[in-house]
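>>> Following is a predicted model, sequence given first.
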Amino acid sequence: VGAGGSRLLRGNHAEHEALEAEAAAFFGAEACLYMGGGFQANQAIFSALPMRGDLVVHDALVHASAHEGMRLGRAECRGFAHNDAGDAARVIGEWRAGGGRGRVWIAVESVYSMQGDLAPLPALAALAAQEDAVLVVDEAHATGVFGPQGRGLARGLGCPLVTLHTGGKGLGGSGALVCADRVLVEVLVNRARAFVYATAPSPLSAAVLRAALRALQDVPALVEGARGADGAGARCGA
């Protein structure tokens, strides 16, 4: 049931490509890349996309996998106070004042698993638009639970966006989906070592996630049940 090799050699399968096309449409992105897991995907995003001379400004409580990717990447990295878009703006302003001229990447989670709180995504999106920055949102704990049909909380924010949707939590499968503009996905395909050198996920796993996305669209009660009648899931850390 395995893929037999990396996607760039002999491990690619029609199920992978069908999942990516359907997931891109479902999450409202130009393109999508299916990878083996959320840790691997975050590592790929932050090690391959921000370039030397760029700045990654990240929430103080962003996931360890994002930190691992930043450690492997070429960009400068600075933290800001948890869920404080004003502090993120301050950090970016100080970097600009010190001579920073590259692209800014703002890294957050939409739902923080340990606290159960939500990121101020509209304020962060406004900051990203103001700074011509890319907002990178880890939707691991929102996918399948929050947003219309469980699409997460980041769709339609109106700024350059990269989103990560894990398959092993709310979708009940495995692997992870990175959704972004096509050119960014192509960069990951060609430069992200966590993708290039990894055996592809099982085509069976891709088929399971395709079924999960269809179920979210066809059975609204799945999302309502995951979130709870009063939407309290994110407040209690569920």
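All right, it came through fine. Numbers count the residues shown, from 1 in each chain.

>>> Confirm that residue 154 sits in a helix.
No. The assignment for residue 154 (DSSP: H, G, I helix; E, B strand; the rest coil) gives coil, which keeps it out of a helix.

>>> Pull the number of nearby residues for it.
Residue 154 sits with 30 neighbouring residues when counted by other Cβ atoms under 10 Å. For the C-beta atoms, the positions are set from N, CA and C on the backbone; glycine is no exception.

>>> Show me the residue at the heart of the protein, geometrically.
residue 164 (1.9 Å; Cα atoms, centre = their mean).

>>> so that residue touches residue 42, yeah?
Yes. Counting by Cβ atoms under 8 Å, residue 164 does reach residue 42; the two are 6.2 Å apart.

>>> which residues do the two both contact?
Common contact partners of residue 164 and residue 42 (Cβ atoms under 8 Å, 6 or more residues apart in numbering): residue 138.

>>> returning to what we had before: what's near enough to touch the residue nearest to the centre of the chain?
Residue 164 is in contact with 38, 41-42, 45, 136-140, 176-179, counting by Cβ under 8 Å, 6+ apart.

>>> got it, and residue 19?
32, 34, 177, 206-207, 209-210.

>>> make it 10 Å
By Cβ atoms under 10 Å, 6 or more residues apart in numbering, the residues touching residue 19 are 13, 32, 34, 167, 173, 175, 177, 201, 203, 205-213.

>>> Which of those residues are buried? Put it as a ChimeraX command.
A single ChimeraX command selects the buried members of the contacts of residue 19 (16 or more other Cβ atoms under 10 Å):
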select :13,32,34,167,173,175,177,201,203,205,206,207,208,209,210,212,213
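
>>> can you give me the strands in this structure?
Under the criterion DSSP state E, the chain contains strands at 31-35, 55-59, 76-80, 104-109, 134-138, 161-166, 176-180.

>>> Would you convert those into CSV that also reports mean pLDDT and distance to residue 66?
Listed next are the strands of the chain as CSV, based on pLDDT from 0 to 100; distance: least, Cβ to Cβ, whole Å:
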stretch, mean pLDDT, distance to residue 66
strand 31-35, 98, 14
strand 55-59, 98, 6
strand 76-80, 98, 9
strand 104-109, 98, 5
strand 134-138, 98, 7
strand 161-166, 98, 9
strand 176-180, 98, 13
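
>>> Go through this structure and flag its longest helix.
helix 203-218 (DSSP state H).

>>> Taking their axis directions, that one and strand 176-180 sit at what angle?
Here helix 203-218 points in a direction 60 degrees away from that of strand 176-180 (axes from the mean of the first three to the mean of the last three Cα atoms, to 10 degrees).

>>> Helix 203-218 vs strand 161-166, what angle?
For helix 203-218 against strand 161-166, the angle by the same axes, to 10 degrees is 110 degrees.

>>> For the strands of the chain, give me CSV that also has distance to residue 24.
Listed next are the strands of the chain as CSV, based on distance: least, Cβ to Cβ, whole Å:
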stretch, distance to residue 24
strand 31-35, 4
strand 55-59, 24
strand 76-80, 28
strand 104-109, 21
strand 134-138, 16
strand 161-166, 11
strand 176-180, 6
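
>>> Looking at the ones you listed, which is nearest to residue 148?
Nearest to residue 148, of all these, is strand 161-166, at 14.2 Å by Cβ to Cβ.

>>> what about the strands of the chain, which gets the closest to residue 95?
Judged by Cβ to Cβ, the one of these that comes nearest to residue 95 is strand 55-59, at 5.2 Å.

>>> list the buried ones in the closest one?
Residues of strand 55-59 classed as buried by neighbour count (16+ other Cβ under 10 Å): 55-59.

>>> ok, now stretch 167-187?
Within stretch 167-187, the residues that qualify as buried are 167, 169-171, 173-180, 184-185, 187, counting by 16+ other Cβ under 10 Å.
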